[in-house]
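Student: Sequence plus the predicted model coming up.
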Amino acid sequence: MQGKKKTPPFKPINLTLMLLQLLITLTQSIHLLTRSTMACLNHLIDTQTTLTLDILHFYRL
């Protein structure tokens, strides 16, 4: 019984690395979400611009 070791508590370095990894993962997720949102908005703006130009061209004739 005397020779049994206690399990060491969480080392601060491990916790710091885990938090850093979580932060990096969150940052990457936000970056991907932002890029996909911007791509979607660009597509909508292009579609709207094309539609507006078509309407203007139609009424000019």
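Tutor: Perfect, thanks for sending it. Being a predicted model, the structure only gives us computed values, none of them experimental.

Student: OK, contacts around the residue nearest the centre of the chain?
Tutor: Nearest to the mean C-alpha position of the chain, by Cα atoms, centre = their mean, lies I30 at 2.0 Å. By Cβ atoms under 8 Å, 6 or more residues apart in numbering, the contact list for I30 is empty. Every residue, glycine included, has its C-beta placed from N, CA and C.

Student: Quick check: which element contains it?
Tutor: Using DSSP states H and E, I30 maps to helix 12-60.

Student: Distance from the chain centre to that helix, please.
Tutor: Taking Cα atoms, centre = their mean, to the nearest Å, one finds helix 12-60 lying 8 Å from the centre of the chain it belongs to.

Student: taking the mean pLDDT, what do you get for that helix?
Tutor: Helix 12-60 comes out with an average pLDDT of 90.

Student: Only C-alpha atoms, please: export stretch 29-44 in CSV.
Tutor: Coordinates of each C-alpha in stretch 29-44 appear next as CSV, following Å, rounded to 0.1, in the frame of the first residue of the first chain:
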residue,chain,number,x,y,z
SER,A,29,-13.7,27.3,-37.8
ILE,A,30,-14.6,31.0,-37.7
HIS,A,31,-12.2,31.6,-40.7
LEU,A,32,-13.9,28.9,-42.8
LEU,A,33,-17.4,30.1,-41.8
THR,A,34,-16.4,33.7,-42.8
ARG,A,35,-15.0,32.5,-46.1
SER,A,36,-18.1,30.5,-47.0
THR,A,37,-20.3,33.4,-46.0
MET,A,38,-18.3,35.8,-48.1
ALA,A,39,-18.5,33.4,-51.1
CYS,A,40,-22.3,33.2,-50.7
LEU,A,41,-22.7,37.0,-50.4
ASN,A,42,-20.5,37.5,-53.5
HIS,A,43,-22.6,35.0,-55.4
LEU,A,44,-25.8,36.8,-54.3
